[in-house]
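Novice: Quick one: sequence and predicted model below, then my questions.
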Amino acid sequence: MGAGTLPYYSLYELNHAALSPLRAAADATRLYFKNPLNPLSHTAFGRSVAATAELFERTTRRYAKPEFGITSTVVAGDQVTVNERVVWSRPFCNLLHFSKSASRAAANQPKLLIVAPISGHYATLLRGTVETMLPDHDVYITDWVDARMVPLSEGNFDLDDYIDYVISMLHFLGGGAHVMAVCQPSVPVLAAVALMEARGDAHLPATMTLMGGPIDTRINPTAVNTLAHNHDLDWFRHNVIMKVPFPHPGFMRDVYPGFLQISGFLGMNLDRHVEAHQSFFRHLIEGDGDSAEKHRDFYDEYLAVMDLTAEFYLQTVDTVFIKHALPEGTMTHRGEPVDPGAIRSVAMFTVEGENDDISGVGQTKAAHDLCTGIPPERKAHYMQPKVGHYGVFNGSRFRSEIAPRIADFIATFGGPGANGAGKKLNGAKAPRAGATAKPAPRQAKSGKKDRLQEIAGVGPKAEKLLNQAGIETFSHLAALKAADITRIEEELGFPGRIGRERWIAQAKALAKKAS
């Protein structure tokens, strides 16, 4: 595809290079008018010039891949060091492990593989997801490589390769791990698990969590789904696929460029983004540093995008959005049928957002109708009110409402340890060999029973486990002593969580309100 004789991608690179001197001048201007030694920096005129210069520089720059930057977390009330390292590598993906420093509480945490989407943004968009899951899980995440940085000599990468990568990573982690697919990977992760189950693979995960994923895009189609439905594959091939220009390592590789993707992202909610930048300009002039910094942090992440290989993008569009191959029962992987009904031993949890404008409500839940081999008691679905697509895996409601439910599900159907260690007895952690399990305090038979899920952090599974331990009212939970809390946390398999999420304080407030 080209504009005249110059391909669009090359034209984009040329324009970016041509603006480099102007960006440098704008940055110098910003520094000059923000220098406290410059009298003009204290005037409305000086702040306006500095704000204009920064806005120009930020809207014309190419945003580099951000860092996760996670150096510590809290495990069972103790601050522990976190080290990020690559433990598995292929040309198009690195598997990152957020390993924790020596900690008895962290030693047997369940292994959690977070599969980030290949949809333009880097895996760092899930930084908040990783931070939230780290205290109670041994977290790994897929760090996909920008296609323009992969030489042609490394070969192609398509949806079948994606599925192979997921299976290989699950083999690396060992049987009994847990997998969480965020958005687009819901389809390949479900396919990978179905293939592993059909093959009798010993490295099956204990649970899979599918979040805001396009399992069946015929249900409540969004603007993204409609675009794919209204065009055939040739339209996408001729209009969005381009060759990587020189001097990138992936020179001449066919890709769906990141700059086209971010244009689409911005265009879907253009008014909101324009308003955000207007507010940013106003905050700079008013000296509202905190608000301005939040804007920088968000857009440093949001505007950092990578190229997708053409073969992966086109096969995904064709399989997921045009042919609906998975719900239609026609999806194959290298000629082998993908049958979600073959999944029997892996527990499944699906999550959706009420206001999701990328994957409509019901598209992820459709996995339950496809996975007919999973017993009903090993499947669960949760729809989070008042959140959009991003809120399904990040933000305050994810931390307080969604993540605890995922943790409950993992604890119930997998327990700590990557290979089935710490199996449950009636929903509680099995006592150590030679230990005498002390019963948790029992509820007085008053007939009253509170809805413990009103406590932020307590999901259906946690409420069930607390009830089994005899804790059925806010008052009873509020009255627990330190020794009781420690024992209950050990029995229920989530050390440190009661204190970290302030269950006791919340229970006291709710008990007082109810009295």
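Specialist: That came through, no problem.
Novice: Figure out how far the longest strand seen in the chain is from the centre of its chain.
Specialist: Criterion DSSP state E: the longest strand present in the chain is strand 78-90. Mean-position distance between strand 78-90 and its chain equals 17 Å (Cα atoms, centre = their mean, to the nearest Å).
Novice: what does stretch 116-135 give?
Specialist: Distance of stretch 116-135 from the chain centroid (Cα atoms, centre = their mean) equals 4 Å.
Novice: The helix or strand containing residue 462 packs against which elements?
Specialist: Using DSSP states H and E, residue 462 sits within helix 460-468. Here helix 460-468 touches helix 403-413, helix 482-492, going by 3 or more Cβ pairs under 8 Å, 6 or more residues apart in numbering; DSSP states H and E. In this view, the C-beta of every residue, glycine as well, is placed from N, C-alpha and C.
Novice: For the helix or strand just after that helix, list the C-alpha coordinates in CSV.
Specialist: Following helix 460-468 in sequence order, the next helix or strand is helix 474-478 (DSSP H and E). C-alpha atoms of helix 474-478 as CSV (Å, rounded to 0.1, in the frame of the first residue of the first chain):
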residue,chain,number,x,y,z
PHE,A,474,-20.2,-9.3,60.5
SER,A,475,-20.0,-9.3,64.3
HIS,A,476,-18.4,-12.7,64.5
LEU,A,477,-15.8,-11.7,61.9
ALA,A,478,-15.2,-8.3,63.7
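Novice: For helix 474-478, name the packing helices and strands.
Specialist: Here helix 474-478 touches helix 503-514, going by 3+ Cβ pairs under 8 Å, 6+ apart.
Novice: which outside residues touch the helix it packs on?
Specialist: 450, 454-458, 473-475, 477-478, 480, 485, 497-498 (Cβ atoms under 8 Å, 6 or more residues apart in numbering).
Novice: what does stretch 60-74 give?
Specialist: With contact meaning Cβ under 8 Å, 6+ apart, stretch 60-74 is reached by 16, 19, 22-23, 79-82, 84, 96, 98, 100, 122, 124, 127, 130-131, 134-135, 146, 299-301, 303-306, 496, 500.
Novice: before we move on, the earlier item: list the pairing partners of the longest strand of the chain within its sheet, with orientation.
Specialist: Strand pairing for strand 78-90, using DSSP bridges, gives strand 72-75 (antiparallel), strand 93-100 (antiparallel).
Novice: quick check: mean pLDDT across that strand?
Specialist: Across strand 78-90, the average pLDDT comes to 94.
Novice: same check, this time on stretch 248-258
Specialist: 93.
Novice: how about that stretch as PDB, C-alpha atoms only?
Specialist: Below are the C-alpha coordinates for stretch 248-258, written out as PDB (Å, rounded to 0.1, in the frame of the first residue of the first chain):
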ATOM      1  CA  HIS A 248      14.100  -1.500  11.800                       C
ATOM      2  CA  PRO A 249      15.400  -5.100  12.500                       C
ATOM      3  CA  GLY A 250      12.100  -6.400  11.000                       C
ATOM      4  CA  PHE A 251      12.700  -4.600   7.700                       C
ATOM      5  CA  MET A 252      10.300  -5.900   5.000                       C
ATOM      6  CA  ARG A 253       8.200  -7.900   7.500                       C
ATOM      7  CA  ASP A 254       4.400  -7.700   6.800                       C
ATOM      8  CA  VAL A 255       2.800  -6.100   9.900                       C
ATOM      9  CA  TYR A 256      -0.300  -4.400  11.200                       C
ATOM     10  CA  PRO A 257       1.500  -1.200  12.400                       C
ATOM     11  CA  GLY A 258       1.200   0.200  15.900                       C
END
